[in-house]
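Engineer: The following comprises the amino acid sequence and a computationally predicted model.
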Amino acid sequence: MPAETIHRRAEAALAAYRDAQGFVFRLLRIPDDVAMLHRWFTQERAAFWLMQDKSVDEVRQAYQRMMESGHATAYIGLHEGRPAFLAECYDPAHDRIRRFYEVRAGDLGMHVFVGPSEVRIPGFTRAVFHALMRFMFAHLGARRIVVEPDATNHRIHALNRSAGFVYDRDVVFTEKIASLAFCTRRDFEQATAATLEEIHP
């Protein structure tokens with residue numbers, strides 16, 4: 001699918017999307033967002049993102065390739081009008097992960113990076129994660145979401161499980177051992193039902 005078509009679909013989804021917890025998504029803007037991403041990625045907390053040694057131009061090139069690929073799109077998530085996180089959504093049929101499992105129609109891969117904040121908000125990362133998944137299921141046509149985090153990233157594993165991800169097995173990438181996991185919309189809704197009841201009693 002041409003990148004222009006991917007982005008038209010994304011823009012249509014964004015126009016229709018209103019998150020109950022106040023998150024807003026927009027497409028990544030190049031070059032406008034690149035310096036901010038570089039600042040985020042070079043911090044110690046970004047070790048699992050594997051871009052700490054990249055220059056501003058290398059970050060720009062990486063995301064330019066992504067946005068032109070036709071099978072992946074990056075978003076900036078805003079909270080109270082400020083950039084708060086980066087989300088990447090991609091078609092696993094065009095990604096290296098396809099070598100490790102049988103891709104189904106409606107599968108959609110994702111990565112998320114929550115940016116630094118001056119004020120710590122309890123539960124914020126989980127709220128971001130769940131907002132992204134709601135967006136993918138409701139507006140990007142995902143039937144099942146696929147993730148492949150570093151096997152040693154225990155914080156993201158806890159987050160994944162809180163959202164209903166079922167772990168399959170570890171697979172070997174060039175730069176890491178990745179844990180392959182899947183989450184259907186039903187898995188997600190069942191796992192987060194209690195959270196939603198707390199928000200909307």
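Structural biologist: Received, thanks. Numbering: from 1, shown residues only.

Engineer: ranges for the helices of this structure?
Structural biologist: 3-16, 34-41, 56-68, 124-139, 154-162, 185-199 (DSSP state H).

Engineer: Packing partners of the fifth one?
Structural biologist: The one in question is helix 154-162. Applying 3 or more CB pairs under 8 Å, 6 or more residues apart in numbering; DSSP states H and E, one finds that helix 154-162 makes contact with helix 124-139, strand 166-172, strand 177-184, helix 185-199. (Each C-beta comes from the backbone N, C-alpha and C, glycine too.)

Engineer: got a markdown table for the ones you listed, with mean neighbour count and distance to Leu159 too?
Structural biologist: What follows is those, written out as a markdown table (neighbours: other CB atoms under 10 Å; distance: least, CB to CB, whole Å):
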| stretch | mean neighbour count | distance to Leu159 |
| --- | --- | --- |
| helix 124-139 | 20 | 6 |
| strand 166-172 | 13 | 13 |
| strand 177-184 | 19 | 11 |
| helix 185-199 | 14 | 11 |
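
Engineer: Lowest average confidence across the ones you listed, which one?
Structural biologist: Within those, the stretch with the lowest mean pLDDT is helix 185-199, showing a mean of 75.

Engineer: Could you count how many residues lie near the residue nearest to Ala72 when sequence neighbours are not counted?
Structural biologist: Spatial nearest neighbour of Ala72, excluding adjacent residues (CB to CB, 6 or more residues apart in numbering): Tyr90 at 3.8 Å. Tyr90: 21 surrounding residues under other CB atoms under 10 Å.

Engineer: right, and Tyr90 touches Met110 too?
Structural biologist: Yes. Using CB atoms under 8 Å, Tyr90 is in contact with Met110, at 7.4 Å.

Engineer: Please consider this matter closed, and thank you.
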